[in-house]
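S.K.: got a sequence here, can you model it:
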Amino acid sequence: MHAIRQHAFGPAERLEYTEVPDPVPGAGQVRIAVDAAGVHLLDTMIRRGAGGGPFPLPDLPMTPGREVAGRVDAAGPEVDAGWIGRRVVAHLGMASGGYASAAVAPVAALHEIPGDLSAAAAVAMIGTGRTAVGILDLAKLTPSDAAVVTAAAGGLGGLLVQGARRAGAAVVGLAGGPGKVARVEALGVPAVDYRAAGWPDRARAALGGRPVTVLLDGVAGEAARAIVDLLAPGGRIVNFGWSSGTPLDLDAATLEARGLVTVPVLGPALTQRPGGLRSLETEALAEAAAGRLVPLINPPFPLADAAAAHRALENRATYGKVVLVP
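M.R.: Numbering: from 1, shown residues only. Next up, the predicted model:
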């Protein structure tokens, strides 16, 4: 089979497309013939050797990849042979062999892909989708809210826009460039190009003058800070990352003076939900199968072009979920 192998941390060129032996599933594992593998911004950090937040860097050499969807073609000992032939999706962990034409996964991590959901959509929902469902649960949006979503054309942002709209909230999405703005508008909400001068005023106008009550933000940096300045007293800041490279730094005095509330959404806040992450995965897949949350999918990259996929993601040249296909 073919896989992406990485022997040293560094630039995208470290991702090598090569032939490797077929993996053999062990006890409690299956082998998946991969139809789609997810690419995540965290993958690029691991590739560079920047680390994955609190998670240690993997040993090298390694095959990256956290999410795969495909068909089970082999089962290890202690696994029901009935899994063979089923369409499944699984989250493998931080850097656990997803960039390959076949991958091994614990049977406990498998979800049968519901209905006719595509492999690419299933990959989008097993990781990014579960995070979106968890964030929406914790954000507790209502029809009285006016929400701003940063990176609204991204895989996570696009799902949050849809979820906020379904909750009845007024929503405006921020995106970089006309193409991405158009993709957000296609979701049925107004969008604003945060690269254009005077965009905060346009964001406020897009909400019909309603005061902003919720910021759904995984970017942080200057754009998020500008929206914080628009938040009404008692507004909620739902922050789940800082892809800009600059965290959203708000001191306690500022929060208290304006009555702003920060909503923690990552780490324990997600895993402490009854059923843990698996319940979020199940719900995310069901929402996608029912058409209530439709993931944006960037045109897939061939597995051999994993390096190009990483470069495009790092250069913000993609939208929605980035996937590889063998």
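S.K.: just give the number of residues close to Ala175.
M.R.: Ala175 is flanked by 27 other residues according to other Cβ atoms under 10 Å. Just so you know, the C-beta spots here come from the backbone N, C-alpha and C atoms, and that holds for glycine as well.
S.K.: wait, it sits on Leu187?
M.R.: No - taking contacts as Cβ atoms under 8 Å, Ala175 lies outside contact range of Leu187: 10.6 Å.
S.K.: which neighbours do those two share?
M.R.: Common neighbours of Ala175 and Leu187 (criterion: Cβ atoms under 8 Å, 6 or more residues apart in numbering): Ala152.
S.K.: surely Val172 and Gly157 touch.
M.R.: No - between Val172 and Gly157 there is no contact under Cβ under 8 Å: 11.8 Å.
S.K.: give me the common contacts of the two.
M.R.: Counting by Cβ under 8 Å, 6+ apart, the shared contacts of Val172 and Gly157 are Val149.
S.K.: report the contact partners of the residue nearest to Glu281 when sequence neighbours are not counted.
M.R.: Of all residues beyond its chain neighbours, the one nearest Glu281 is Arg130 (4.7 Å), with distances taken as Cβ to Cβ, 6 or more residues apart in numbering. Contacts for Arg130 were tallied using Cβ under 8 Å, 6+ apart; they are His91, Leu277, Leu280, Glu281, Glu283, Ala284.
S.K.: Tyr194: which of those residues is nearest?
M.R.: Ala284 (27.0 Å; Cβ to Cβ).
S.K.: what's the pLDDT at that closest one?
M.R.: Looking at Ala284, its pLDDT is 97.
S.K.: so what's Val68 up against?
M.R.: If you count contacts by Cβ under 8 Å, 6+ apart, then Val68 has Ile32, Val34, Ala36, Ala37, Gly38, Val89, Ala90, Leu92, Gly98, Ala103, Ala105, Val123 around it.
S.K.: looking at those, which are in strands?
M.R.: Within the contacts of Val68, residues falling in strands by DSSP state E are Ile32, Val34, Ala36, Ala37, Gly38, Val89, Ala90, Ala103, Ala105.
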